[in-house]
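Enquirer: This is a predicted model, with the sequence first.
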Amino acid sequence: MWCWRCLYLSFSLFCSITNKLLRRRVNSFYFRAWIGFENKPSNTQRADELMEAGPNAGPNAGAYAGSFSGSAEGTSSSEMRGEMRGEMRAPMPMQRVLQVHKSYLVTQDEQGVVIIDQHALHERVMFEYLLERVNDRGLESQRLLAPAVVEASPIAIERLGELKGLLTRLGLEAEAMGPTTVAVHAFPTFLFDRGVDEAEFVSGLLERASDERFIASAKAGGEEAMRDVLDMMACKAAVKAGDKLSDGELMELTRLRDSVERSSNCPHGRPTSVRLTIRELDKLFGRG
């Protein structure tokens with residue numbers, strides 16, 4: 001009996017390591033694909049290309065240049081290039097983004113300087129996307145090569161059946177394996193591709209089984225329990241403080257701030273950004 005159990009645990013460990021290696025291969029590409037990141041040329045590169053192309057720049061060149069410099073009449077080539085690169089004091093949309101200490105993004109808008117918490121903003125982006133997907137058709141699921149074994153309290157084991165409907169919508173499949181263990185057979189593809197550990201996530205989810213309000217909402221198919229778990233997912237899957245982002249990722253994450261609902265706060269309620277207006281900056285530097 002013990003021999004078979006040891007063999008099973010060894011096989012489970014092998015499959016877990018294999019899953020993590022597979023994640024490592026795809027995860028470096030997945031951040032861009034999941035929220036629409038593309039390898040687009042920067043504003044500066046595009047401006048240089050338009051200036052070099054001259055009359056052959058195409059029908060949209062004027063519109064693109066106008067977004068940087070307004071009217072080009074009476075402007076020299078070097079001045080136009082500088083304006084197209086955003087080297088002007090007039091109000092302008094967000095352009096270049098600086099990552100500070102691999103945690104915060106600094107950029108500008110019409111009002112002043114904007115400082116963004118990269119994790120908080122990406123968490124909000126992830127949450128809104130997941131909420132839309134769940135309400136539409138549920139999350140895609142991926143079966144594991146071998147079940148991930150999770151330690152759980154007896155009360156969590158007892159209430160596992162009451163969570164089945166919620167888990168199914170989330171792309172999770174789990175069942176009691178013993179008096180204090182749960183076997184996870186399927187996991188949301190989204191979390192798998194973002195490198196989230198199955199056992200750690202399910203363990204955190206099962207800890208909420210002791211919350212009567214959470215269980216009541218889950219049994220009734222309520223949104224409160226669903227949002228609670230989606231919040232967990234978004235937090236686990238979002239970029240973290242300390243993650244280095246490419247120029248394209250910085251620009252796209254900043255752009256998404258204007259296109260996602262409730263982007264001013266993360267799902268936990270923390271602000272995703274703060275702004276220093278030009279007037280506040282002038283006052284700080286004694287220009288007032």
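Expert: Noted; the coordinates are in hand.
Enquirer: Just give me the neighbour total for the residue nearest to residue 165 when sequence neighbours are not counted.
Expert: Counting by Cβ to Cβ, 6 or more residues apart in numbering, residue 165 lies nearest to residue 221, which is 6.3 Å off, once chain neighbours are set aside. Glycine gets a C-beta too; all of them are placed from N, C-alpha and C. When neighbours are defined as other Cβ atoms under 10 Å, residue 221 has 11 of them.
Enquirer: My read is that residue 221 contacts residue 163, right?
Expert: No. Using Cβ atoms under 8 Å as the test, residue 221 is too far from residue 163 to be in contact (11.4 Å).
Enquirer: for the stretch 151-288 of the chain, what spans make up the strands?
Expert: 173-178, 181-188, 273-277 (DSSP state E, counting those that start in this stretch).
Enquirer: gap between the residue nearest to residue 224 when sequence neighbours are not counted and residue 208?
Expert: In space, residue 224 comes closest to residue 217 once its chain neighbours are excluded; the distance is 4.2 Å by Cβ to Cβ, 6+ apart. Distance, residue 217 to residue 208, using Cβ to Cβ, to the nearest Å: 10 Å.
Enquirer: Need the residues touching each of those two.
Expert: When contacts are counted by Cβ atoms under 8 Å, 6 or more residues apart in numbering, residue 217 and residue 208 are jointly contacted by residue 228.
Enquirer: what stretches of the stretch 51-200 of the chain score poorly on pLDDT?
Expert: For the stretch 51-200 of the chain, applying pLDDT under 70 flags the ranges 51-95.
Enquirer: What segments of it are helices?
Expert: Along the stretch 51-200 of the chain, counting by DSSP state H, counting those that start in this stretch, helices occupy 61-69, 77-84, 118-136, 154-158, 164-169, 189-193, 198-207.
Enquirer: and residue 240, which of those is closest to it?
Expert: Nearest to residue 240, of all the helices of the stretch 51-200 of the chain, is helix 118-136, at 5.6 Å by Cβ to Cβ.
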